[in-house]
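Chemist: Quick one, fold the following:
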Amino acid sequence: MLTIKCAACKRKLWKYDKIGHGQVLRCYKERISQLYITELTSPKITCPCGKEIGLDKGDHIKMIPSAFVYSGTKRNG
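Modeler: Model (predicted):
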């Protein structure tokens, strides 16, 4: 389980169940287990500090690699 955080302010954004050892390029909404921000509904997903984290593509969020950091472990798939 990964904890996705804003790279600018280090605020927790959500907990994500990452399957596989690759990079975090997309976060599928069905695998987000806990949300620390208020919404994921606008086309641009932003941290409360104003930094853009990713783009809402319907069933997943296309992440901006330089906009976030994460901690935790990935699950082997």
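Chemist: what residue ranges in the protein score low on pLDDT?
Modeler: Along the chain, segments meeting pLDDT under 70 are nowhere present.
Chemist: Show me where it has its strands.
Modeler: Listed from the start of the chain, the chain has strands (DSSP state E) covering 2-6, 12-16, 26-28, 32-35, 44-46, 52-56, 60-63, 68-72.
Chemist: can I get those strands in a markdown table with mean neighbour count?
Modeler: Bear in mind the C-beta positions are built from the backbone N, C-alpha and C, glycine included. Supplementary listing: those in a markdown table, determined by neighbours: other Cβ atoms under 10 Å:
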| stretch | mean neighbour count |
| --- | --- |
| strand 2-6 | 19 |
| strand 12-16 | 20 |
| strand 26-28 | 17 |
| strand 32-35 | 12 |
| strand 44-46 | 16 |
| strand 52-56 | 17 |
| strand 60-63 | 18 |
| strand 68-72 | 15 |
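Chemist: And the residue nearest the centre of the protein?
Modeler: A centroid search over the chain (Cα atoms, centre = their mean) returns Ile4, at 5.0 Å, as the residue closest to the centre.
Chemist: Dig out what that one forms beta bridges with.
Modeler: Each beta-bridge partner of Ile4 is listed here, defined by DSSP bridges: Trp14, Tyr70.
Chemist: now do Ile19
Modeler: In this structure, Ile19 has beta-bridge partners Arg75, where bridges are defined by DSSP bridges.
Chemist: That one: neighbour count?
Modeler: Neighbour count for Ile19, taken as other Cβ atoms under 10 Å: 12.
Chemist: Let me see the contact set for it.
Modeler: Arg31, Lys74, Arg75, Asn76, Gly77 (Cβ atoms under 8 Å, 6 or more residues apart in numbering).
Chemist: which one of these is nearest Gly20?
Modeler: Distance to Gly20, by Cβ to Cβ, is smallest for Gly77 among the contacts of Ile19, at 4.7 Å.
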